[in-house]
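Enquirer: coordinates only, sequence not included:
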């Protein structure tokens, strides 16, 4: 006899034709003798737990977290975040955390696992059934992850102490019930970077990926300065409701338009880096350079870090948006400057041209 087992498939077992015939003949023989043990429950325990259990489907006996422990042992749990609120594939892909491999792996779900409100898994297919329990929130079918989630805290404890974590995709699905009670306010991109990479990290506003493609890309990959190497940026997942444009914010890793999103400047939806003198070569903050050294905005690094300020003070003069490019320009000398020098002193020498 030979059989092949296929995961993520409604027809998991494939038998040869001779094996199928043998199985059918064997069952028919048992039935003809009235001795088919496959058709009855033999439970001789004093407490008839087996008899009760066999009248129910696995999803009625175990919670998803408990079933994962059955599959992978102590420390396992149901990986809710893999579904991102859509459980229609749970019947063929039942994701569980495996502590020995430190990751989530899928197995078969079994009958009776909820896959929607009023729906459950039947022979690896999500089916509507009047016997299936209804759920008020189809995006949170399994509720919070049971027990300790991280840092020796349960979902309820984490949400109470750090509600902003409900804006993190992975966490909001782990603790979907508790996060409904969280009053999570949007978190600035610089704070997100500091939460992830430590004090001193900030959003890489001037990164090429944003200059070339716009800030909608930050929802897919929020780049943060490396605290030990400022010229390097590390990536992370942006929090939910991170501003990525005017009336736009990040939802499930995508920049989407939403009337509830705040108004902002598309060129700088996250605003300037605050109170950081490393944004310019002149050791000025963004607010200070607007008054003292507007030409600092000609630097792509400064223009990114101080995008709000630089956009505000920008003048509609091509090549001279922030005044003279360098110091030392003297109006009385403009007539003797060559073209390159005139371009450098574009504000001081405006209107001056080379004759001859």
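Expert: Yep, that arrived. None of the values given here were measured: they were computed from a predicted structure.
Enquirer: was I right about residue 83 contacting residue 176?
Expert: No - between residue 83 and residue 176 there is no contact under CB atoms under 8 Å: 10.5 Å. All C-beta spots, glycine's among them, are computed from the backbone N, C-alpha and C.
Enquirer: out of the two, which sits in the busier spot?
Expert: Neighbour count, other CB atoms under 10 Å: between residue 83 and residue 176, residue 176 has more, with 22 against 19.
Enquirer: Contact partners for that one?
Expert: Neighbouring residues of residue 176 by CB atoms under 8 Å, 6 or more residues apart in numbering: 80, 85, 137, 139, 140, 143, 144.
Enquirer: now swap in residue 27 and tell me
Expert: 36, 38.
Enquirer: rerun at 10 Å
Expert: 36, 38, 39 (CB atoms under 10 Å, 6 or more residues apart in numbering).
Enquirer: Those residues in helices, which ones?
Expert: Assignment to helices by DSSP state H places none of these there.
Enquirer: Can you tell me which of those residues has the most neighbours?
Expert: Using other CB under 10 Å as the neighbour criterion, residue 36 leads the contacts of residue 27 with 14 neighbours.
Enquirer: Name the nearest residue to it, ignoring sequence neighbours.
Expert: Take residue 36 and drop its neighbours on the chain: the residue closest to it by CB to CB, 6 or more residues apart in numbering is residue 30, 3.9 Å away.
Enquirer: Was I right to think that neighbour contacts residue 24?
Expert: No - under the criterion of CB atoms under 10 Å, residue 30 makes no contact with residue 24, lying 11.0 Å away.
Enquirer: of the two, who's got more company?
Expert: Neighbour count, other CB under 10 Å: between residue 30 and residue 24, residue 30 has more, with 14 against 10.
Enquirer: Does that one lie in a helix or a strand, and which?
Expert: Following DSSP states H and E, one finds residue 30 within helix 17-32.
Enquirer: thought residue 267 was touching residue 310?
Expert: Yes - shown here, residue 267 and residue 310 form a contact pair, counting by CB under 10 Å, at 8.9 Å.
Enquirer: Have a look at the two and say which one is more surrounded.
Expert: Set side by side, residue 267 and residue 310 show more neighbours around residue 310, with 25 against 15, by other CB under 10 Å.
Enquirer: Just the pLDDT for the nearest residue to that one once chain neighbours are set aside.
Expert: Computed as CB to CB, 6+ apart, the closest residue to residue 310 that is not its neighbour in sequence is residue 297, at 3.9 Å. Predicted confidence (pLDDT) for residue 297: 94.
Enquirer: still on that earlier bit, what sits in contact with each of residue 83 and residue 176?
Expert: Joint contacts of residue 83 and residue 176 (CB under 10 Å, 6+ apart) are 139, 141, 142.
Enquirer: Give the buried subset of those residues as a PyMOL selection command.
Expert: Command for PyMOL that selects the buried part of the shared contacts of residue 83 and residue 176, burial taken from 16 or more other CB atoms under 10 Å:
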select buried, resi 141+142
